[in-house]
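A.B. asks: Sequence unavailable; structure follows:
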């Protein structure tokens, strides 16, 4: 079973809307979490890291971590067409082996 | 600062050929990773180096995949012999140290006929 599971697989939101992604891990040893974004034809690029319970906000992006429930989420407010991409959740327990989820495709409709 | 560089960007190989993919990590980074990306499996770790030492060789990928890091600024991934199922995007990433964010290259898209 995939250790990092993401939902939904695909998401469409109107321009200016809120996009929300969910990620659940099955390993209680995971301590470090990231969100990555990959545009078509490019490599993934880190958006945010979150290592402590609670919210972390960077511009239009807000991540939330609840280690007790092994759940991390990402919210993008005021979504733009340029936000259309594949979003990965990533987690690590031993500080080097990062496990990636399979990603959520975001389509922002103009 | 230059990011992670990968060459070639695209590769087409015949079944049974040997191909070598190249990666230059971000200068000063200690950790280097090779991944394979497919739509079905997502991102799969092939190899991991810390300060040029091989820490993980990807288990199931050991038999035909070999990654090397002869110096801190250059790594190669050799696939020998190639099979059609190897068609995928191969990504190289580096980080300062394990718990840091990984920086990915643009990837090499491999097609094996």
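C.D. replies: Cool, got the structure. Bear in mind that the values here come from a model prediction, so they are computed numbers and not experimental data.
A.B. asks: switch to C-alpha atoms for all contacts and neighbour counts from now on
C.D. replies: OK.
A.B. asks: show me where chain A has strands.
C.D. replies: Assigned by DSSP state E, chain A shows strands spanning A:4-7, A:10-14, A:19-25, A:32-38, A:45-50, A:54-58, A:61-66, A:71-76, A:85-92, A:98-100, A:104-109.
A.B. asks: quick one: low-confidence ranges for chain B?
C.D. replies: B:1, B:61, B:98-99 (pLDDT under 70).
A.B. asks: Residues of it that sit close to chain A?
C.D. replies: Applying C-alpha under 8 Å from any C-alpha of the partner chain, we find that chain B lies next to chain A at B:41-43, B:91, B:97-107.
A.B. asks: Of these, which belong to helices?
C.D. replies: Using DSSP state H, no member of these falls in helices.
A.B. asks: Out of those, which two sit at the greatest distance?
C.D. replies: Based on C-alpha to C-alpha, the longest span within the residues of chain B next to chain A runs between B:41 and B:97 and measures 25.7 Å.
A.B. asks: higher neighbour count, the two?
C.D. replies: Neighbours per residue, other C-alpha atoms under 10 Å in any protein chain shown: of residue B:41 and residue B:97, the larger number sits with residue B:97, 16 against 11.
A.B. asks: That one reaches residue B:29, doesn't it?
C.D. replies: Yes. Using C-alpha atoms under 8 Å, residue B:97 is in contact with residue B:29, at 7.1 Å.
A.B. asks: Check the gap between residue A:10 and chain B for me.
C.D. replies: 13 Å (C-alpha to the nearest C-alpha, to the nearest Å).
A.B. asks: I'd like to know how many residues surround the nearest residue to residue A:83 once chain neighbours are set aside.
C.D. replies: Among residues not flanking residue A:83 along the chain, residue A:108 sits closest, at 6.8 Å (C-alpha to C-alpha, 6 or more residues apart in numbering or on different chains). Neighbour count for residue A:108, taken as other C-alpha under 10 Å: 21.
A.B. asks: Kindly report the same for residue A:59.
C.D. replies: Neighbour tally, residue A:59, other C-alpha under 10 Å: 8.
A.B. asks: likewise residue A:70?
C.D. replies: Other residues within reach of residue A:70, judged by other C-alpha under 10 Å, total 17.
A.B. asks: What lies in contact with the strand or helix carrying residue B:12?
C.D. replies: Using DSSP states H and E, residue B:12 maps to strand B:10-13. With contacts defined as C-alpha atoms under 8 Å, 6 or more residues apart in numbering or on different chains, strand B:10-13 is touched by B:19, B:82, B:108, B:109, B:110, B:111, B:112, B:113.
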